[in-house]
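Participant: Generate coordinates for the sequence data below:
(2 chains)
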Amino acid sequence: MSFYVELSNLTKIYPTPKGPAVIVKDFNLRIAQGEFVCLIGHSGCGKSTVLSMLAGLNDITGGGIILAGKELVGPGPDRGVVFQSPCLLPWLTAFENVLLGVNQVFYTATREERRQIAEYYLTVVGLGDALHKTPSELSQGMKQRVGIARAFALKPKMLLLDEPFGMLDSLTRFELQQVLIDIWSRTRLTALQVTHDVDEALFLADRVVMMTNGPEAEVGDILEVRFPRPRDRKAVLEHPAYYEMREYLMTFLHERAHIKRSPASTVTSGAPPNEGGGRADKRASLDRAMNRDSKDVGMECHALSRKGATP
Amino acid sequence: MKKLQLDWLILPMVGFALAILAWHILSKTVSKDLPSPGKTWSDSREYVLKPFAKRGEMDQGILRFTWYSLVLVAKGYAIALLMGTPVGFMLGLSKPFTKTFDPIIQILRPVSPLAWLPLGLVLFLGAGKQASELGALFTIAICAMWPTVLNTAVGVRSVPQDYLNVAKVLKLSRWKTLWKVLVPATLPYMFTGFRLSLGIAWLVIVAAEMLTGRPGVGGFLWQEYNALNYSRIILCILTIGIVGFLLDRLMSVVERRFKTA
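Facilitator: Predicted coordinates:
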């Protein structure tokens, strides 16, 4: 199987007066084309560091990243980045903010074509009426919609999202997760999103990568999320496997994130490491719950809802 | 609401009235050489009521003199901004540049316009008739540019990393980063510098005109001092103050426009 994105032995070390601080060590992850991967972990574990190395905003100390067959060097518009704060330039309108990137990527297109691209993506994220508003006239949620439009409008090879909804209230967060997943469904860009919200990860991702706590953070475990797409929040929440999966992620964060690796447990692409009987059992039951779903898709999910929802 | 109106209209009026009263009392009692407000007005009314009259080189309406001064200030100020802004950007962008030139700036910055002017006159000695104007321009420019230089540098240093990350991620060229990100992000700081620079330029013009004897508010002031017309000195002082105040107001309106961005 060929992978679109490969992070191999990715390592980040900061020199400090007390000696080198190893933030991320030997981080290995492969992502298939069109896959949506969420990276979860505790605050400060180094997940954002991994993302910013992918974005080229942070130098790579060791290892490397290959995107679409080429090793990444520095930042570039082939990766669309959605930052935690929307990072709009306040002197430009929503439209001009998106256009700035579009002009940069599609410099061969005509002026009119570029304007259409910017307008299209802003309309898709629901800002068709607010094209020419400046960021100060937009709510936090609307600003982040512009941020999403800006990233997608570049038609990048890959999408990088750094806790894009971390600063929003929960209602707006739900709304924007839906906006994101809708626009993503149209484009199926390979995406890596950093989050510490377990529900967000389960709603968006094909795979949830759990990161151990720093220092020397690495991949701790990977969970496949095979809810049918296009996803609908209600159906996902009512899916029989949902709470088991949620529990699995929570257990990792609460109990296992701090456990240091044993040499045998190096994880690559989804194969669960075999550490203890209890976890393997849990894993197997999760897989059963998931497979149950692959037969009963769609409406039947709703029918199962109430019973399945009790953890 | 009504009370508020009184506050900004009546109270300043009271202030002016008190000041004029104090001035009047002082001129009648302690300092007999100080022209009283009434005498000041009667001596100056010709200059105020026909503000644009031109009766001779050094005998013109007060607004005409003001205009000469403003034109010279505008030229010197323009030079100050054209030199100061790029220097400010370089200071803000480059640490080595800052380390190299900051000490020199800190030493030159507190030098008084009265010290620069003779040097300016010497520098442009070869220019003949133009020497006094060029010397004055030199002095205005070199004295007025520092606030612009320093504020621009601070502004460039405090451009949020977020904006620079956007530029990096989009891989904007250096030129585009400068014009699309750095300059707009620095504008509010630049305008604070511009406003302070204008204030200094207006301070310098008076000194420059006094020393060079050019027609203008400062030159007129000095001439009236030599002619023992002390009341017109007060007229000049008031004019300089009011014009300076108006210039500052004008700049803060412009500044506020950019602050909202």
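Participant: where does the stretch 151-261 of chain B come near chain A, residue by residue?
Facilitator: Residues of the stretch 151-261 of chain B lying near chain A by C-beta under 8 Å from any C-beta of the partner chain: B:162-163, B:165-166, B:168-172, B:180-181, B:184-185, B:187, B:260-261. Just so you know, the C-beta spots here come from the backbone N, C-alpha and C atoms, and that holds for glycine as well.
Participant: again, only this time at 7 Å
Facilitator: Residues of the stretch 151-261 of chain B lying near chain A by C-beta under 7 Å from any C-beta of the partner chain: B:162-163, B:165-166, B:168-172, B:180-181, B:184, B:261.
Participant: And the residues you listed, which two are furthest apart?
Facilitator: Distance extremes for these: the farthest pair is B:Lys171 and B:Ala261 at 24.4 Å, using C-beta to C-beta.
Participant: Please report phi then psi for the closest residue to A:Val225 other than its chain neighbours.
Facilitator: Leaving aside its chain neighbours, A:Val225 sits nearest to A:Ala205 (5.3 Å; criterion: C-beta to C-beta, 6 or more residues apart in numbering or on different chains). Backbone geometry at A:Ala205, expressed as degrees, to the nearest 10, gives phi -90, psi 150.
Participant: how about A:Ala205, what does it touch?
Facilitator: Contacts for A:Ala205 (C-beta atoms under 7 Å, 6 or more residues apart in numbering or on different chains) come out as A:36-38, A:225.
Participant: Now with 8 Å, please.
Facilitator: A:36-38, A:193, A:225 (C-beta atoms under 8 Å, 6 or more residues apart in numbering or on different chains).
Participant: can you check B:Arg232 too?
Facilitator: B:43-44, B:47, B:220-221, B:224.
Participant: Mind checking which of the residues you listed are in helices?
Facilitator: B:43-44, B:47, B:220-221, B:224 (DSSP state H).
Participant: Show me which positions of the helix or strand where A:Glu244 lies end up buried.
Facilitator: Using DSSP states H and E, the element containing A:Glu244 is helix A:242-251. Across helix A:242-251, burial judged by 16 or more other C-beta atoms under 10 Å in any protein chain shown covers A:242-246, A:248-249.
Participant: next one: stretch B:213-231
Facilitator: Buried residues in stretch B:213-231 (16+ other C-beta under 10 Å): B:214-224, B:229, B:231.
Participant: Now render those as a markdown table, adding pLDDT.
Facilitator: A markdown table is the format used below for these (pLDDT from 0 to 100):
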| residue | pLDDT |
| --- | --- |
| B:Arg214 | 86 |
| B:Pro215 | 88 |
| B:Gly216 | 90 |
| B:Val217 | 91 |
| B:Gly218 | 91 |
| B:Gly219 | 90 |
| B:Phe220 | 91 |
| B:Leu221 | 91 |
| B:Trp222 | 91 |
| B:Gln223 | 90 |
| B:Glu224 | 89 |
| B:Asn229 | 86 |
| B:Ser231 | 90 |
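Participant: farthest-separated two in those residues?
Facilitator: B:Arg214 and B:Ser231 (22.2 Å).
Participant: what's the spacing between the residue nearest to A:Val225 and A:Val105?
Facilitator: 26 Å (C-beta to C-beta, to the nearest Å).
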